[in-house]
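S.K.: Structure of the sequence below:
(2 chains, ligands or ions: 1)
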Amino acid sequence: MRFAAVSLLVAAGCLFVPGRAAAIPPDAPPTGMVCTPGTVAGSTHTFNLTAQTGYIDTPDGNSVFMWSYAEAGGHFQSPGPVLCVTQGQTVVVNLTDNLPEPASIVFPGQDAAVTASGGAAGLLTTEAAAGGGTVQYSFVAGSPGTYLYESGTDIAKQLEMGLYGALIIRPAAGPGYAYGTSTAFDPSREYLLLLSEIDSDLHHAVETGAAYDVNARRDRYFAVNGREFPDTIQDNGSSLLPNQPYGALVRIQPTTSTTAPALIRMINVGALNHPFHPHGNHTTQIAQDGRLLPAPVEHFGETIAAGQTLDFLLRWDDQDNWDPSTNPLPVPPPNYRDVFFKDSNTWYAGSPYLGRKGILPTGVVSQNICGEWYFPWHSHALNEFTNYDQGFGGMATLLRVDPPGGCFAAPTSATPLGSVLKSGTVTGLAADDTSYYAVNPRTTTRPSATTAAQTSITVASATGFPATNGYYVRIDNEVLRVTAGAGTATWTVQRGQLGTTAATHASGAVVSALATDLTAGFTGVPAGSQHLRVTYKGANCATTTATTCTALTTNLPQQTVKICDWTVGGAAGCSTPASPGWVTLPAPPAQPQGVGSTEVGATWTLPSAAAYLNAGQVRVLVHTERYTSPAPAAFSTWGNLLALSYDAP
Amino acid sequence: MHVRKGALVLALVAVGVCAPSPASAAPVTITLCALPGTATMAGGANVPIWGFATGCANPGLPGPVLSVTVGDTVAITVTNALPAGHPLTFEAPGITFDPGPDSAPPGGTVTRTFTASAPGTYLYQSGGDAGRQAAMGLSGALIVRPATAPTDYDVEAPLVLSAVDPAFNAAPETFDMHAYRATYWLINGKSYPDTAPGITAAGGQRVLLRYLNAGYDNTTMTMLGMHGRVVARDARPVAGALDVTAETIPAGATEDAIVTVPAGAGPSPHGFPLYNRQQHLTNGPQTATGPAPATGGGPLKTTTEDHH
Ligand SMILES: [Cu+2]
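M.R.: Just a heads-up that it's a prediction; the model follows:
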């Protein structure tokens, strides 16, 4: 019993092990600012923080000793948690100081009184004692905006060591505004860029208890959100950087007159002023230190001072709309023989056109997913654009401009699954144009005559017809339902279905499936892609032979677009039109849709992506059937555009 | 709620306002002398300086605050009492002097004249010895006041920012300036705790902070518990409501900001701190395992509130 009790205790203990696996919630988005939730009770928003020691990793393989704020009971992180509160809330921050000297928090820019309880009076604020002392700060969140919080104790040492973080006050107007209603932004594109510097020699001296001279500081690492480039462009919560949870990749799609800009919140928690310089577009500064500017100012680069915060709106309006066919660049791209790809590795797509990929020289690896563009954003003090004097690195990140609507993919294969190819190839589905991929219903013949009462019929071939019972075929103007024998050439049928009348049919009569099915496959979709969107546009035309689309305006064929769920039977689960893996794309728009000779285009969005992605493959089925009485007739399905777009990881 | 007059006078004395401004435009004569002296740094170290004084004794770090009024015809006569070999050039960026000599040889004098025009905060300094004289402390504040008394502030505080490398000050003629490394950062020649008593104002009063960067690097100052409204840079007005907590004063530049002191005690036990945000909050050479003084130093000043 004693052993049992011990193991029970161990098991119970496991349940209460303090500390989380990661510093940010597991469902945090891969890019963009991540708030630490804290706890909200009524109008009081509470954060429990510790000041503690830990380590960060730098891209050159170094490991640097840091002091930082972290969530109490949580994972060490640098910089400290992003505290997001709403204007008017009472903010309570409980600090436990696990450092070997007193520590504190000041809240620059909070003009309402910050009251402190516990602790002891220090130079700038009330401090928590070393080795587990506590202090509680509380204030009413005032004007909305971007602020920092940082140590008010032994500043020359503690700020250098990393005791800082971001404080975001959201306006009562809602999360889509930075300040007042003049500052609307897209809440899914809210970015924080927090700048800092590290003199690793000082950190080593603090770690080993050695003497050091703060006046001899020479910074070797320059960080955005606690990471140095290229680590800055790794996802939020990347397992490669367990103590540096915040990525700094800025992503945008071309903005339009109806879309809101991205918001870039910048904070300089370091000791140096940094001339931060975006490429790819100017940014519009709207605020400093949590207050709107008298008027917005456009910047090609702006120096952010130590302790300052600056807010920028970022738009990326495609002024030129370069297109290889309709609006080609006025100059040809450089010849590859004149281009050097450093380390045979590039972000370049091989095409200068947004959303297009081209061919790169043999041996060059492209990090480009779907023709997106990358622009560096960096400190223009170029010594800060390094990691321990090695460029490029340091205080830099990338702006990634994704193609409009995200990554776009055209199918790489098309198959008239259970149908007959009428005309076209897979490239007919790549664009909304005049080339089509057209299929007809599967047909066979009856080698002998058919009576009106006959319920067992033999066909010349069952190839391509469904292998499961319950489907409809047509002979002349009569619809028959196959109830047994599917997959063989001899079928048990019900006669005169769907409002038609059983009739006699001559020897050699054509037996035609009531439905068309075409499937197309996409490849190269990266794992981790989100928000799959399937677009299909096409028509159904009234004959199976005409080379132009014959009008079909009544008794419209019913079209259902489906996607392969690979978790159901793998590839086999989607091998026939009736396979169980096919999942109807969810509304809106609802399916089936009636589609005649007037083309219908629609886009369906999938809430999650994982089940529909298999080693980069996505498969889509367009199933169209027509059985409405009184006069079933042949039709052909003309696919114009079948496309996949997605948010690449 | 009113200003504690005594403390206010004390603060003004501390920054050495002289040359009383006349009520209307008038000829104003100012005499200055540049001479060697000594400044005591926080912690007690005595550092040789070259500074300005109204007479040829007790030079200040910085020099006296000069105050004139728009329309005044101003004549500043400077006596060069620096050691031999150091001609002095008197300049005030932003002020257009009348034509005439700008330099005084050792033992000589120079008189520079101008008619005060745009009101605001100007830095005066010596341009001699390619910056070495300014680095030794030859600088100060020149305030041009509007013809009618301003109503947008209640208390003013000139804040001359500078830095000292004692090794340079000990050998200003021979020191290798590439090796210059400041160890003291100063407001009006002082670092904390010698900056006490700070600025005294009542809750609700508006304090005009006149920043002048007489130092060698761009200096970022921050404040706790309040925003300041930037009203002028380099003695030219800034339009609109530009409210800030952290501002960079470029080397050689001036900036005027008005803070309205909130009611209440302030975030620090000492009031509302104003300090160098570039972490220059130490005094003198640093040789220990933690910054000295441990209680904090450097360019830190507080606005303390007066409760009545
Ligand atoms: Cu650049």
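S.K.: okay, CA-based contacts and neighbour counts for the rest of this
M.R.: OK.
S.K.: where in chain B is pLDDT low?
M.R.: When residues are selected by pLDDT under 70, those of chain B lie in B:1-25, B:305-308.
S.K.: for stretch A:572-580, how far is the first residue from the last?
M.R.: End-to-end distance of stretch A:572-580: 9 Å, with C-alpha to C-alpha, to the nearest Å as the criterion.
S.K.: what's the burial count for residue 205?
M.R.: With no chain named, the answer covers chain A. Residue crowding around residue A:205 was assessed by other C-alpha atoms under 10 Å in any protein chain shown; the count is 16.
S.K.: you looked at the wrong chain, it should be chain B
M.R.: Using other C-alpha under 10 Å as the criterion, the residues surrounding residue B:205 number 21.
S.K.: What are the structural domain limits within chain A?
M.R.: Per automatic domain parsing, the domain ranges recorded for chain A read A:3-314, A:409-440+A:515-647, A:443-513.
S.K.: Can I get these in a markdown table including distance to residue A:391 and mean pLDDT?
M.R.: Formatted as a markdown table, the entries for the domains of chain A read as follows, by distance: least, C-alpha to C-alpha, whole Å; pLDDT from 0 to 100:
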| stretch | distance to residue A:391 | mean pLDDT |
| --- | --- | --- |
| domain A:3-314 | 10 | 92 |
| domain A:409-440+A:515-647 | 29 | 90 |
| domain A:443-513 | 61 | 91 |
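S.K.: What residues does the nearest residue to residue A:563 once chain neighbours are set aside make contact with?
M.R.: For residue A:563, ignoring the flanking residues on the chain, the nearest one in space by C-alpha to C-alpha, 6 or more residues apart in numbering or on different chains is residue A:620 at 4.4 Å. Residue A:620 makes contacts with A:519, A:520, A:521, A:561, A:562, A:563, A:564, as judged by C-alpha atoms under 8 Å, 6 or more residues apart in numbering or on different chains.
S.K.: most neighbours, which of those residues?
M.R.: Using other C-alpha under 10 Å as the neighbour test, the contacts of residue A:620 are led by residue A:564, with 29 neighbours.
S.K.: What pairs with the helix or strand harbouring the residue nearest to residue A:563, parallel or antiparallel?
M.R.: Taking DSSP states H and E as the definition, residue A:620 sits inside strand A:618-625. Pairing partners of strand A:618-625, with direction, according to DSSP bridges: strand A:515-522 (antiparallel), strand A:558-564 (antiparallel).
S.K.: Now distance to residue A:132 too, for the ones you listed, in a markdown table please.
M.R.: A markdown table is the format used below for these (distance: least, C-alpha to C-alpha, whole Å):
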| stretch | distance to residue A:132 |
| --- | --- |
| strand A:515-522 | 57 |
| strand A:558-564 | 56 |
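S.K.: Residue A:532 is nearest to which of these?
M.R.: Closest to residue A:532 of the strands paired with strand A:618-625 is strand A:558-564 (C-alpha to C-alpha; 10.6 Å).
S.K.: what sits up against that closest one?
M.R.: Where contact means C-alpha under 8 Å, 6+ apart, the residues beyond strand A:558-564 that reach it are A:536, A:573-574, A:581-585, A:591-595, A:612, A:618-626.
S.K.: Are any of those residues buried, and if so which?
M.R.: Using 16 or more other C-alpha atoms under 10 Å in any protein chain shown as the burial test, the contacts of strand A:558-564 include A:536, A:573-574, A:581-585, A:592-595, A:612, A:618-626 as buried.
S.K.: who touches residue 84 in this structure?
M.R.: The chain I'm using is chain A. Counting by C-alpha under 8 Å, 6+ apart, residue A:84 touches A:35, A:36, A:37, A:167, A:168, A:169, A:170.
S.K.: My question was about chain B, not that one.
M.R.: The neighbourhood of residue B:84, defined by C-alpha under 8 Å, 6+ apart, consists of residue B:106.
S.K.: circling back: for residue B:279, which of the strands paired with strand A:618-625 is the nearest?
M.R.: Shortest separation from residue B:279 across the strands paired with strand A:618-625 is recorded for strand A:515-522, at 55.7 Å, computed as C-alpha to C-alpha.
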